[in-house]
Each structure stands twice: as structure tokens, then as C-alpha cells.
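In: Please find the sequence and the predicted model below.
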Amino acid sequence: MKAINVALLGLGTVGKGVYQTINTHQERLRDITGCSVHVSTFLIEHPEKHATVNGTTVTDIRTITENPDIDIVFEAIVGKEPAFSYLKKCIQAGKHVITANKEMFAVHGKELRELARQHHVSIGYDATTAGGIPIIQMIQHVLQANNVLKVQAILNGTTNYILTEMRDQNAAFEDALQQAQQLGYAEADPTNDVEGFDAFYKLMILSELIYNEQPNWNDVKRIGITSISEKDIAENQLTNKRIKHIASIWKEDGRILAKVEPVSLPRDHPLYAIEGVDNAINIETDILGELTLKGPGAGALPTASAMIEDFCLIYSGKSQKEKSTVVVS
Ligand SMILES: NC(=O)c1ccc[n+]([C@@H]2O[C@H](COP(=O)([O-])OP(=O)(O)OC[C@H]3O[C@@H](n4cnc5c(N)ncnc54)[C@H](OP(=O)(O)O)[C@@H]3O)[C@@H](O)[C@H]2O)c1
């Protein structure tokens with residue numbers, strides 16, 4: 001039986017989730033792709049941390065780009081570089097790529113998609129936005145005739161967890177943040193989450209998918225949750241409202257408008273009941289009307305799920321058309 005050879009860039013939370021899922025879902029992947037799927041190479045930064053890995057660990061991307069046996073590369077490392085340069089090289093070497101890296105993709109997604117088109121390979125990026133919720137694939141493949149009029153979303157589980165704790169447990173922001181860090185929901189440096197950068201990157205990826213362009217980043221209001229006080233939460237409760245950190249995008253007079261900010265939501269709002277680390281996306285379209293998807297927005301397996309579904313789309317063998325639809329929105 002033919003084999004699909006996979007290289008993993010990064011073997012942290014997400015990389016391990018992908019590796020585990022490929023191993024636990026061998027039979028299913030074989031049914032879908034007609035091939036056995038084998039993770040042969042791991043690119044990591046600190047080889048000494050990964051002595052027990054079953055495969056080749058490398059630190060030089062050329063080991064992957066110059067290996068003709070590697071068919072596809074999953075990228076789960078942190079930050080714009082070296083991830084962007086690595087993916088560029090992999091695409092130029094004719095390999096399909098799948099990424100979870102939102103910061104990198106918000107900045108370089110367009111260029112990578114174009115490059116993938118030129119090299120006739122696919123690029124999957126569903127894991128960059130809302131973790132396990134298949135929002136990218138849904139907009140690309142399911143809502144094809146619908147025009148998306150507006151998106152309102154909770155795109156960061158850490159901030160949603162903190163706001164939920166502040167309300168439920170009457171916790172101060174610092175205490176709720178500390179709790180999130182202890183549970184592994186927040187990084188030691190939580191700036192990306194609590195200042196809204198993470199939600200902002202995801203919103204920019206959605207913008208490019210839906211409108212084929214991003215607004216000027218300087219025109220997008222981005223307010224985090226650090227200034228929300230216990231008093232704000234209590235006042236909202238008195239009027240049956242909940243403060244949620246909402247990322248929104250829509251078009252007005254042909255212009256893309258976007259913002260990320262805390263919003264007081266009334267009880268009948270579709271995102272009012274989204275609690276804890278969940279993410280949710282409310283999409284308004286011209287034919288369907290409103291649709292809300294809710295689910296785990298982060299974590300090893302939800303993120304791996306999004307990446308493996310991208311993989312299946314590329315290799316399901318239905319047609320070349322599906323391959324290209326992963327590349328181009
Ligand atoms: N965690 C989530 O729930 C989640 C959800 C959605 C998307 N993402 C995105 O997925 C990516 C990975 O997140 P994570 O939580 O898995 O991160 P992580 O646990 O910190 O793991 C990062 C991995 O990348 C490797 N790495 C870092 N810099 C590298 C470099 N310069 N060269 C080679 N390898 C390098 C590290 O190698 P060593 O092990 O050798 O140090 C580590 O294995 C990020 O872009 C993140 O935004 C994460």
C-alpha cells in the first residue's frame with residue numbers, strides 16, 4: 001500500500017496532538033486516503049527534549065525540503081519566524097502544508113496561498129482560527145453561494161474563561177488570570193490573549209477568507225479585557241447582560257470594518273451563553289440568515305482535529321478541484 005509521509009514542524013501541545021491523532025486514526029485515514037500515513041520526521045528547536053520520539057528529529061529545514069519522500073508538512077511552531085520561511089521553502093519544494101500558526105498566517109497567509117497556487121500544492125489553515133471549530137472549511141466549502149454579511153465571534157478561550165470566572169466566582173481579573181494560567185489555558189505571558197492580539201489575528205484571517213482582503217490594521221479597534229473590573233461585571237448582571245470579548249467584521253459602503261472589544265451582550269444574543277474556554281462564531285449570510293457554531297477553540301486534540309480534517313480534504317482523492325479549494329477561498 002502506498003504511504004503518505006508526513007513531517008511535523010513543532011512537537012509541543014499541537015504537534016503532539018497531531019502525532020497522536022495520526023497514530024490513533026490510522027485505519028480511518030487509510031479508508032479516506034487509500035494510503036498508510038506515516039510521520040517520519042520532526043523538526044524541533046531543542047532535540048534534547050525529544051530523545052524518546054519514534055522518528056527522525058531534525059533542526060534544519062533542508063532535511064525536510066530536500067527529502068523527496070516527504071509529501072506533506074504540518075506546522076505547529078510559535079511566531080511568524082522561522083515558521084513563514086520554513087513553509088515557503090516547503091511549498092517551493094512541492095510539499096503540501098497545513099498550519100495552526102495564526103500570527104504567521106494573519107501576516108503571510110495571502111503570500112503563502114499564492115505561492116501554493118503557483119506550485120500546485122495545497123495549504124490548509126483551518127486550525128488557525130477557532131481551534132477545532134471547522135469555520136474555515138465551512139466558509140470555503142459549505143457556504144459557497146451565500147454572501148457572508150457579518151461575523152461576530154468569541155475567538156479566544158482564555159479571555160472567555162477569565163470573564164466567565166469573574167462573573168461566576170466574583171473573581172478579580174488577576175485571580176481569574178492566575179487560575180487560567182494554573183489550568184494551562186493562559187501562557188506565562190498572557191499579553192497575546194488578554195490584550196486581544198490573538199483574536200485580532202484570527203479575525204484578519206477570516207477577513208481575507210471572506211472578503212479576500214484585510215482592513216488596514218491601524219483602522220481596527222483592538223481592546224483587550226484587562227480594564228474590566230468586578231464592578232463592570234456586577235453592573236451588567238443587574239441588567240441581565242454579560243460582558244464578552246467579541247471580534248466582529250462586516251462591510252459597510254464597500255469598506256471592511258472590524259473590531260475586537262469587550263461588549264455587553266443581552267440574554268437573547270447568540271454568544272451570550274458561550275462560557276469557559278469555548279469559542280463560538282455567529283455568521284450572518286444573505287441566503288441562510290444566522291448560524292452559530294460553538295466548540296473547543298484550543299487544545300491539543302481540537303486543534304489536531306482541524307489539521308487532520310485539512311489533511312483529509314487534500315488526500316480524499318475526490319478530485320483535483322478539492323485540492324485547489326483548500327488553497328483559494
Ligand atoms: N496550543 C493550542 O491550543 C493552539 C491552538 C491553535 C493554534 N495554536 C498555534 O499552534 C502553534 C503551536 O502551538 P503550541 O501550543 O503547540 O506551542 P508549544 O507547545 O510552545 O510548542 C512549540 C513547538 O515548536 C517548536 N519550535 C519553536 N520554535 C522553533 C524553531 N525556531 N525551530 C523549530 N522548532 C521550533 C518547539 O520545539 P522544542 O519542543 O524543541 O522547544 C515546540 O516543539 C502556535 O503557532 C499556536 O499559535 C495553538
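Out: Noted; the coordinates are in hand.
In: The residue in the stretch 201-329 of the chain that the ligand sits nearest to is in what secondary structure piece?
Out: Closest approach between the stretch 201-329 of the chain and the ligand, counting by Cβ to the nearest ligand atom: Ala298, at 3.3 Å. For every residue, glycine as well, the C-beta is placed using N, CA and C. Per DSSP states H and E, Ala298 falls between elements, in no helix or strand.
In: His245: which element?
Out: strand 242-252.
In: Whatever helix or strand comes next after that strand: partners in the sheet, and parallel or antiparallel?
Out: The helix or strand immediately downstream of strand 242-252 is strand 255-265, counting by DSSP H and E. Counting by DSSP bridges, the strands paired with strand 255-265 are strand 221-222 (parallel), strand 242-252 (antiparallel).
In: Compile those into TSV and extend it with columns for mean pLDDT and distance to Ser229.
Out: Supplementary listing: those in TSV, determined by pLDDT from 0 to 100; distance: least, Cβ to Cβ, whole Å:
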stretch	mean pLDDT	distance to Ser229
strand 221-222	98	20
strand 242-252	98	10
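In: Can you lay out those as CSV showing distance to Thr285?
Out: Below are the strands paired with strand 255-265 laid out as CSV (distance: least, Cβ to Cβ, whole Å):
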stretch, distance to Thr285
strand 221-222, 24
strand 242-252, 12
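In: what would the ones you listed look like in CSV with mean neighbour count and distance to the ligand?
Out: As requested, these are arranged in CSV below (neighbours: other Cβ atoms under 10 Å; distance: least, Cβ to the nearest ligand atom, whole Å):
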stretch, mean neighbour count, distance to the ligand
strand 221-222, 14, 17
strand 242-252, 20, 15
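In: Ser40: which of these is closest?
Out: strand 242-252 (37.7 Å; Cβ to Cβ).
In: which outside residues touch the closest one?
Out: 149-156, 159-160, 163, 167, 196, 199-200, 202-203, 206-207, 210-211, 224-225, 228, 232-233, 236, 256-265, 271-272, 274 (Cβ atoms under 8 Å, 6 or more residues apart in numbering).
In: Buried subset of those residues as a PyMOL selection?
Out: Selection of the buried residues among the contacts of strand 242-252 in PyMOL, burial being defined by 16 or more other Cβ atoms under 10 Å:
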select buried, resi 150+151+152+153+154+155+156+159+160+163+167+196+199+200+202+203+206+207+210+211+224+225+228+232+233+236+256+258+259+260+261+262+263+265+271+274
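In: just the helices in the stretch 51-200 of the chain please.
Out: 62-65, 83-92, 102-118, 135-137, 157-168, 173-182, 191-194, 197-211 (DSSP state H, counting those that start in this stretch).
In: wait, which of the ones you listed is closest to the ligand?
Out: Closest among those, once you apply Cβ to the nearest ligand atom, is helix 102-118, at 5.4 Å.
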